[in-house]
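In: Attaching a predicted model along with its sequence, questions to come.
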2 protein chains.
Amino acid sequence: MPSVADRVADELRLQLAEGILLPGARLTESTLAEDLGVSRNTVREAFAELASERLVVRHPNRGVFVASLEPGDVHDVYTVRRSVEVSAIRGGGSPEAVAAVRAAVEEGKRAAAANDDEGLGTANQHFHGAIVALAGSRRLNTIMSQVLAEMRLFFHKATLDGHFYSRYLEDNEEICVALEANELDRAAELLLAYLDRSEEKQTEVHEE
Amino acid sequence: MPSVADRVADELRLQLAEGILLPGARLTESTLAEDLGVSRNTVREAFAELASERLVVRHPNRGVFVASLEPGDVHDVYTVRRSVEVSAIRGGGSPEAVAAVRAAVEEGKRAAAANDDEGLGTANQHFHGAIVALAGSRRLNTIMSQVLAEMRLFFHKATLDGHFYSRYLEDNEEICVALEANELDRAAELLLAYLDRSEEKQTEVHEE
DNA sequence: ATGTAACAATTGTTCAACAATCCTTCGATT
DNA sequence: AATCGAAGGATTGTTGAACAATTGTTACAT
């Protein structure tokens, strides 16, 4: 029984992830309300949700816009990821949580075998989500899922690039193996190196 | 010129931190709107803000309530803190950022000298905020300030306890010295130990 | 070209209404 | 007496319309 505002927010989140709404685009309350068949007030509540997730930015008296990456934001996002993911993997995790990481790795392999680029991307996100889930913290999980949502929004082009994830598969496998062997320091190092490399790539892609 | 909704949210945040609104208390839209002289819709927007900060919980069709600690939440909050604070201190930081940490330590000493318990508490929060600020990440900073707001809400009683922070002063000093000497691993260890001890204490206090 | 005054469009906020949902009270039934 | 269920009241969820405040733009005068 999700509320109408929640469904509006979900719809927008979807369109943001799909790249239908591009960064910088303006979201006008009245037209959105009409298009979705809801009231302006409801749209506003949805905006409040999305703004709290940084998917959308409010310019007072000017309107809300799809969030766009400012210089330094790529680094900022990766700073959060390094903090959250590395500490999570350092703490190990329950066998089920580790199994979830493994499952994400396999999901990625299947997607690669099927030449499913989009599947590869979501599998990668599942992988990193599973890493954070190792910590078993509700709050860390929501932090991570918000960061991932931001990345979907910003790096949409990059994820469309086919072999962008190609290398990641082996990385994830290696990290997962280390994790399963309980070599946590090594796993953390690998993950950190991965994140640094990934940041570098994303920074390149985003400079144009 | 903050919006009305923002001011309502600020007012509520204040009352939450002050302990005027206690965990579990119900916040009725209509009465709040009347008391603050604003519209129900505006109150709702403020609620959306606070809910995104976990200061308040929405029970659909039932109303919003001041967030209350469920079993495991103390541990959860400290899991976030360990993740964010420890990684931040491990990365060192600019001289100005380190100076800010030092300033928070001195602020705490002054408060202790003046027997100002409340000042001791806020100084401690400044200290940990400054630690996270070492990382120079906007997102980590907002995450931390939300966590601190949660702690203010939950542990209000504890902060009223005078010598609750007494030991913390020396801890902070020691951590700060290690940081200033650029002994980052040692500083991280000290901080981690501090957090573990703090969690233990808070857990005790909260079990009644 | 520059500044300014009117103008249109959009947001911020209020108000009033109504449907949907929840909680309680009060019976009715067994 | 206890249980169940049906009204009743209260509050939330959502709508629609209105208006003030602010911004951006256009047209005009200098």
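Out: Sure thing, it's come through.

In: Stretch A:69-88 near chain B anywhere?
Out: Yes: if you take C-beta under 8 Å from any C-beta of the partner chain as the test, stretch A:69-88 does meet chain B, through A:76-77, A:79-80, A:82-84, A:86-88. Bear in mind the C-beta positions are built from the backbone N, C-alpha and C, glycine included.

In: give me phi/psi at the residue lying closest to residue A:156 once chain neighbours are set aside?
Out: Nearest residue to residue A:156 in three dimensions, chain neighbours excluded: residue A:19, at 4.4 Å (C-beta to C-beta, 6 or more residues apart in numbering or on different chains). Backbone torsions of residue A:19, given as degrees, to the nearest 10, read phi 80, psi 10.

In: Quick check, pLDDT for residue A:19.
Out: In this model, residue A:19 is scored at 89, pLDDT.

In: can you check residue A:157 too?
Out: 66.

In: Same check on residue A:192?
Out: 97.

In: so who does it touch?
Out: Contacts for residue A:192 were tallied using C-beta atoms under 8 Å, 6 or more residues apart in numbering or on different chains; they are A:82, A:86.

In: same thing but 10 Å
Out: Neighbouring residues of residue A:192 by C-beta atoms under 10 Å, 6 or more residues apart in numbering or on different chains: A:82, A:85-86, A:89.

In: before we move on, what about residue A:47?
Out: A:5, A:8-9, A:12, A:27, A:29, A:32, A:55-56, A:58, A:63-64, B:45, B:48.

In: swap the cut-off to 7 Å and go again
Out: Residue A:47 sits next to A:56, A:64 when contact means C-beta atoms under 7 Å, 6 or more residues apart in numbering or on different chains.

In: So which of the residues of stretch A:69-88 next to chain B belong to helices?
Out: Judged by DSSP state H, the residues of stretch A:69-88 next to chain B include A:76-77, A:79-80, A:82-84, A:86-88 as members of helices.

In: where along chain A do the strands fall?
Out: With strands called from DSSP state E, chain A shows them at A:26-27, A:56-59, A:63-66.

In: Partner strands of the last one, with direction?
Out: If you go by DSSP bridges, strand A:63-66 pairs up with strand A:26-27 (antiparallel), strand A:56-59 (antiparallel).

In: do the shortest one and DNA strand D meet?
Out: This points to strand A:26-27. No: with C-beta under 7 Å from any atom of the strand as the criterion, DNA strand D is not reached by strand A:26-27; the gap is at least 10.8 Å.
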